[in-house]
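Colleague: from the sequence below, what's the structure:
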Amino acid sequence: MQCRVRDLDVHCEVFGEGRPIVSVHGMGVNLRTMKGCMEPVLADHSDAWKRVYFDLPGMGRTKGADWIRNSDDMAQFVLDVIDEVVGEEPFAIVGESYGGYLARAVVRRRPTQVLGVLLICPLVIAADDQRDTAPLAVLHRDRRIEGVDAEETDFANLFLTNQTPETWQRFRDEMLVGFTCGDNEFESRIRADGAYAFAADVDAAVSFERPALILAGRQDCLVGYRDAWKLLGNYPRASFAVLDMAGHALQIEQPELFRALVGEWLHRVARFAA
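Modeller: Reported below is the predicted structural model:
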């Protein structure tokens, strides 16, 4: 489906009925990343949740727009999509990587409307050189992985520390496909100095006392896990897990643990909302 935000046609996919759960993908990918990680979990709860996925501007099938100049504008875009698709109904929100940065802005702006928040490998610090990250490490690469060019391998090494045929296939289907169809010029503008970080600290003086889950990869060389730990004080009802054998594609590398932890969070949100 398409929804309209100002002059922008937004590519959305909505499934099921029930309480809305809005998923926000990271920089450079598209909604396939969030569908790939959330639908297997929500399959066990599909009668309880209305699942909302959409492409951020300049990514996937949503074009960039001149009025989106920085992360503050991007967060407003997310809020506008929520207003269009969800309205005033309470909802849960999921954010992955940069989507986790935007999701925290939604929590800050709509604390009474958000039922719960899930942050997957969240971006905490916008500036690359200020993050406390893990060193790049490929702990396992299955010899059955063949026919992969050097450029694709270098790219995957940033995300996957556990490289099996299964994780490679999911990485290609859910993440790599997004990187090949985005508007690179638009993304570079958002990622530029002075644009990527919010104008005000999104995590300052936040106390969100509703069910939360923060998941981080122990080998995540892009955003790390230590910065995410600093968020815990803002979420008094948060569980926090750092998963070994997981980089910045945690949901792909540790699917069983991901499914169990997110399923438990969904139960907590449902009990809170009842």
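Colleague: got any ranges where the stretch 51-200 of the chain has weak pLDDT?
Modeller: Of all residues in the stretch 51-200 of the chain, none has pLDDT under 70.
Colleague: tell me where it has strands.
Modeller: Secondary structure of the stretch 51-200 of the chain by DSSP state E, counting those that start in this stretch: the strands cover 91-96, 114-120, 140-141, 162-163.
Colleague: how far off centre is the longest one?
Modeller: Right, the one you point to is strand 114-120. Taking CA atoms, centre = their mean, to the nearest Å, the mean C-alpha location of strand 114-120 is offset from the chain mean by 10 Å.
Colleague: gap between the closest residue to Trp229 other than its chain neighbours and Leu56?
Modeller: Distances taken as CB to CB, 6 or more residues apart in numbering place Phe240 nearest to Trp229, at 6.8 Å, with adjacent residues excluded. The way it works is simple: take the backbone N, C-alpha and C, and place the C-beta from them, glycine included. Per CB to CB, to the nearest Å, Phe240 is found 26 Å from Leu56.
Colleague: which one's more surrounded, these two?
Modeller: Neighbours per residue, other CB atoms under 10 Å: of Phe240 and Leu56, the larger number sits with Leu56, 30 against 16.
Colleague: out of the strands of the stretch 51-200 of the chain, nearest to Thr62?
Modeller: Smallest distance to Thr62 across those (CB to CB): 16.6 Å, for strand 91-96.
Colleague: quick one on the thing from earlier: beta-bridge partners for the residue nearest to Trp229, please?
Modeller: Ile214 (DSSP bridges).
Colleague: for it, what are its contacts?
Modeller: Leu213, Ile214, Ala216, Ala228, Trp229, Leu232 (CB atoms under 8 Å, 6 or more residues apart in numbering).
Colleague: is it true that the last one touches Leu213?
Modeller: No: using CB atoms under 8 Å, Leu232 is not in contact with Leu213; the gap is 11.2 Å.
Colleague: give me the common contacts of these two.
Modeller: Overlap between the neighbourhoods of Leu232 and Leu213 consists of Ala238, Phe240, taking contacts as CB under 8 Å, 6+ apart.
Colleague: need phi/psi at Asp9.
Modeller: Asp9 adopts backbone torsions of phi -80, psi 120, taken as degrees, to the nearest 10.
Colleague: that one: neighbour count?
Modeller: Residues contacting Asp9 under the criterion other CB under 10 Å number 12.
Colleague: what pLDDT does it get?
Modeller: According to the model's per-residue confidence, Asp9 sits at a pLDDT of 96.
Colleague: nearest spatial neighbour of it, skipping sequence neighbours?
Modeller: Using CB to CB, 6+ apart and skipping residues adjacent in sequence, the residue nearest Asp9 is Gln2, 5.0 Å away.
Colleague: please apply the same query to Tyr53.
Modeller: Residue nearest to Tyr53 in three dimensions, not counting chain neighbours: Leu31, with 4.0 Å by CB to CB, 6+ apart.
Colleague: how close does that neighbour get to Ala204?
Modeller: Distance from Leu31 to Ala204, counting by CB to CB: 30 Å.
Colleague: the more surrounded of the two?
Modeller: Legend: neighbour count by other CB under 10 Å for Leu31 and Ala204, higher for Leu31 (24 against 8).
Colleague: contact partners for the residue nearest to Tyr53?
Modeller: Contacts for Leu31 were tallied using CB under 8 Å, 6+ apart; they are His11, Cys12, Glu13, Ser23, His25, Tyr53, Phe54, Asp55, Gly60.
Colleague: got phi/psi on the residue nearest to the last one when sequence neighbours are not counted?
Modeller: Here the nearest residue to Gly60 in space, its sequence neighbours aside, is Asn30; by CB to CB, 6+ apart that works out to 2.9 Å. In terms of degrees, to the nearest 10, the main-chain angles of Asn30 are phi -150, psi -170.
Colleague: return the residues in contact with Asn30.
Modeller: Asp55, Leu56, Met59, Gly60, Arg61, Val177, Gly178, Cys181, Gly182.
Colleague: alright, that wraps it up for me.
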